[in-house]
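In: What would the 3D arrangement of this be:
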Amino acid sequence: MKGKPFSIVILLFLALLLGAGAAGAVTKSTTGCGLGYYLFKDATDTFATQLLAVTTNSMGTQTFGILTGTGGCRQPKRLVSDERLHEFVAGNMDSLAADMASGQGESLDTLAELMSVPEPERPAFCATLQENFSNIFTSRDVQSAQVIDNILKIAG
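Out: Residues are numbered from 1 along each chain as shown. Below you'll find the model as predicted:
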(Lines give C-alpha, C1' and ligand atoms only; values in the text may rest on other atoms or scores of the structure.)
Protein backbone atom coordinates (compact mmCIF):
# COMPACT_ATOMS: atom_id res chain seq x y z
CA MET A 1 0.00 0.00 0.00
CA LYS A 2 2.93 2.35 0.55
CA GLY A 3 3.67 2.48 -3.18
CA LYS A 4 0.19 3.54 -4.26
CA PRO A 5 0.07 6.97 -2.49
CA PHE A 6 3.55 7.72 -3.85
CA SER A 7 2.40 6.89 -7.39
CA ILE A 8 -0.60 9.20 -7.01
CA VAL A 9 1.66 12.04 -5.86
CA ILE A 10 3.92 11.49 -8.88
CA LEU A 11 0.96 11.48 -11.26
CA LEU A 12 -0.45 14.67 -9.71
CA PHE A 13 2.96 16.33 -9.97
CA LEU A 14 3.29 15.36 -13.63
CA ALA A 15 -0.22 16.60 -14.38
CA LEU A 16 0.62 19.95 -12.78
CA LEU A 17 3.93 20.10 -14.58
CA LEU A 18 2.44 19.39 -17.98
CA GLY A 19 -0.53 21.69 -17.46
CA ALA A 20 1.31 24.62 -15.87
CA GLY A 21 2.03 27.73 -17.86
CA ALA A 22 0.20 30.38 -19.76
CA ALA A 23 -1.65 29.74 -22.98
CA GLY A 24 0.45 30.47 -26.02
CA ALA A 25 3.34 28.98 -27.84
CA VAL A 26 6.96 28.29 -26.98
CA THR A 27 9.09 31.32 -27.88
CA LYS A 28 12.73 31.75 -28.85
CA SER A 29 13.16 34.20 -25.98
CA THR A 30 12.62 31.37 -23.49
CA THR A 31 14.05 28.36 -25.31
CA GLY A 32 16.44 29.67 -27.95
CA CYS A 33 16.44 28.73 -31.60
CA GLY A 34 17.09 25.33 -33.16
CA LEU A 35 15.22 22.11 -33.73
CA GLY A 36 13.63 22.28 -30.26
CA TYR A 37 12.11 25.68 -31.01
CA TYR A 38 10.98 24.50 -34.44
CA LEU A 39 9.34 21.32 -33.09
CA PHE A 40 7.58 23.01 -30.16
CA LYS A 41 6.86 26.53 -31.51
CA ASP A 42 3.13 25.78 -31.87
CA ALA A 43 2.86 23.74 -28.65
CA THR A 44 1.23 25.10 -25.50
CA ASP A 45 3.78 27.09 -23.52
CA THR A 46 4.30 24.93 -20.43
CA PHE A 47 7.31 24.11 -18.32
CA ALA A 48 7.46 20.67 -19.91
CA THR A 49 7.40 21.93 -23.52
CA GLN A 50 10.01 24.58 -22.74
CA LEU A 51 12.18 21.95 -21.07
CA LEU A 52 11.85 19.62 -24.07
CA ALA A 53 12.63 22.47 -26.51
CA VAL A 54 15.71 23.58 -24.56
CA THR A 55 16.93 20.00 -24.16
CA THR A 56 16.53 19.36 -27.88
CA ASN A 57 18.35 22.61 -28.71
CA SER A 58 21.22 21.71 -26.38
CA MET A 59 21.98 18.53 -28.35
CA GLY A 60 23.79 20.51 -31.06
CA THR A 61 20.73 21.49 -33.05
CA GLN A 62 21.02 25.13 -32.00
CA THR A 63 24.60 25.31 -33.27
CA PHE A 64 23.53 23.70 -36.53
CA GLY A 65 20.63 26.16 -36.80
CA ILE A 66 22.93 29.14 -36.32
CA LEU A 67 25.45 27.82 -38.84
CA THR A 68 22.78 27.17 -41.46
CA GLY A 69 20.23 29.85 -40.59
CA THR A 70 17.50 27.23 -40.00
CA GLY A 71 15.26 26.24 -37.09
CA GLY A 72 14.33 29.82 -36.30
CA CYS A 73 17.99 30.82 -35.94
CA ARG A 74 19.62 33.80 -37.59
CA GLN A 75 22.94 33.19 -39.29
CA PRO A 76 25.60 35.80 -38.50
CA LYS A 77 26.51 38.24 -41.29
CA ARG A 78 29.99 36.89 -41.53
CA LEU A 79 30.70 33.40 -40.36
CA VAL A 80 34.37 33.15 -39.57
CA SER A 81 34.82 29.56 -38.56
CA ASP A 82 36.49 28.93 -41.88
CA GLU A 83 39.64 26.92 -41.39
CA ARG A 84 41.11 28.34 -44.60
CA LEU A 85 40.91 31.86 -43.16
CA HIS A 86 42.71 30.82 -39.99
CA GLU A 87 45.38 28.98 -41.97
CA PHE A 88 45.84 31.94 -44.30
CA VAL A 89 46.24 34.51 -41.53
CA ALA A 90 48.57 32.25 -39.53
CA GLY A 91 50.78 31.62 -42.57
CA ASN A 92 50.83 35.19 -43.86
CA MET A 93 51.06 37.42 -40.79
CA ASP A 94 54.00 39.47 -42.09
CA SER A 95 52.65 40.12 -45.58
CA LEU A 96 49.17 40.74 -44.21
CA ALA A 97 50.56 43.30 -41.75
CA ALA A 98 52.50 45.05 -44.52
CA ASP A 99 49.49 45.15 -46.86
CA MET A 100 47.20 46.29 -44.08
CA ALA A 101 49.58 49.09 -43.16
CA SER A 102 49.55 50.31 -46.77
CA GLY A 103 45.81 49.67 -47.25
CA GLN A 104 46.25 47.47 -50.31
CA GLY A 105 47.91 44.32 -51.55
CA GLU A 106 47.43 40.73 -52.54
CA SER A 107 47.20 39.31 -49.01
CA LEU A 108 44.62 41.95 -48.05
CA ASP A 109 42.60 41.07 -51.16
CA THR A 110 42.77 37.38 -50.23
CA LEU A 111 41.69 38.17 -46.67
CA ALA A 112 38.66 40.08 -47.96
CA GLU A 113 37.77 37.19 -50.26
CA LEU A 114 38.09 34.60 -47.48
CA MET A 115 35.89 36.76 -45.26
CA SER A 116 33.27 37.02 -48.04
CA VAL A 117 33.47 40.79 -48.24
CA PRO A 118 31.47 41.78 -51.34
CA GLU A 119 33.62 43.23 -54.14
CA PRO A 120 32.09 46.75 -53.98
CA GLU A 121 32.76 46.93 -50.21
CA ARG A 122 36.42 45.86 -50.37
CA PRO A 123 37.99 49.33 -50.75
CA ALA A 124 36.17 50.52 -47.62
CA PHE A 125 37.09 47.27 -45.84
CA CYS A 126 40.78 47.76 -46.65
CA ALA A 127 40.67 51.43 -45.62
CA THR A 128 39.04 50.54 -42.31
CA LEU A 129 41.71 47.93 -41.59
CA GLN A 130 44.46 50.40 -42.50
CA GLU A 131 43.02 53.06 -40.19
CA ASN A 132 42.81 50.54 -37.36
CA PHE A 133 46.11 48.77 -37.95
CA SER A 134 47.37 49.30 -34.38
CA ASN A 135 44.11 47.93 -32.99
CA ILE A 136 44.46 44.77 -35.11
CA PHE A 137 48.18 44.07 -34.79
CA THR A 138 48.34 45.02 -31.12
CA SER A 139 51.90 43.81 -30.48
CA ARG A 140 54.81 42.07 -32.17
CA ASP A 141 53.72 38.83 -30.47
CA VAL A 142 50.04 38.96 -31.46
CA GLN A 143 48.64 35.58 -32.48
CA SER A 144 46.71 34.99 -35.70
CA ALA A 145 43.48 34.14 -33.85
CA GLN A 146 43.66 37.47 -32.03
CA VAL A 147 44.26 39.28 -35.34
CA ILE A 148 41.10 37.68 -36.76
CA ASP A 149 39.12 38.57 -33.62
CA ASN A 150 40.36 42.16 -33.84
CA ILE A 151 39.43 42.41 -37.52
CA LEU A 152 35.94 41.13 -36.71
CA LYS A 153 35.50 43.67 -33.92
CA ILE A 154 36.50 46.49 -36.23
CA ALA A 155 35.10 45.47 -39.60
CA GLY A 156 32.72 42.66 -38.65
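In: contacts and neighbour counts: CA atoms only from here.
Out: Will do.
In: what residues are up against residue 121?
Out: Residue 121 makes contact with no residue, according to C-alpha atoms under 8 Å, 6 or more residues apart in numbering.
In: what's the neighbour count on residue 129?
Out: Applying other C-alpha atoms under 10 Å, we find 25 other residues in the vicinity of residue 129.
In: same deal with the one 4 residues further on?
Out: For residue 133, the neighbour count with other C-alpha under 10 Å is 19.
In: That one against residue 102, yeah?
Out: No - using C-alpha atoms under 8 Å, residue 133 is not in contact with residue 102, being 9.6 Å away.
In: Can you list the helices and strands that the strand or helix carrying residue 126 packs against?
Out: In this structure, residue 126 sits in helix 122-131 according to DSSP states H and E. For helix 122-131, the helices and strands in contact under the criterion 3 or more C-alpha pairs under 8 Å, 6 or more residues apart in numbering; DSSP states H and E are helix 93-102, helix 106-114, helix 144-155.
In: any weak-confidence spans in this protein?
Out: Across the chain, the ranges flagged by pLDDT under 70 are 1-31, 57, 60-81, 156.
In: Try it again at 80.
Out: The chain contains residues with pLDDT under 80 at 1-83, 156.
In: Which of the helices and strands packed on helix 122-131 sits closest to residue 41?
Out: With C-alpha to C-alpha as the measure, helix 144-155 is the member of the helices and strands packed on helix 122-131 nearest residue 41 (32.9 Å).
In: Please identify the buried residues of the closest one?
Out: 144, 147-148, 150-151 (16 or more other C-alpha atoms under 10 Å).
In: And residue 116, how close does it get to residue 125?
Out: Computed as C-alpha to C-alpha, to the nearest Å, the residue 116 to residue 125 distance reads 11 Å.
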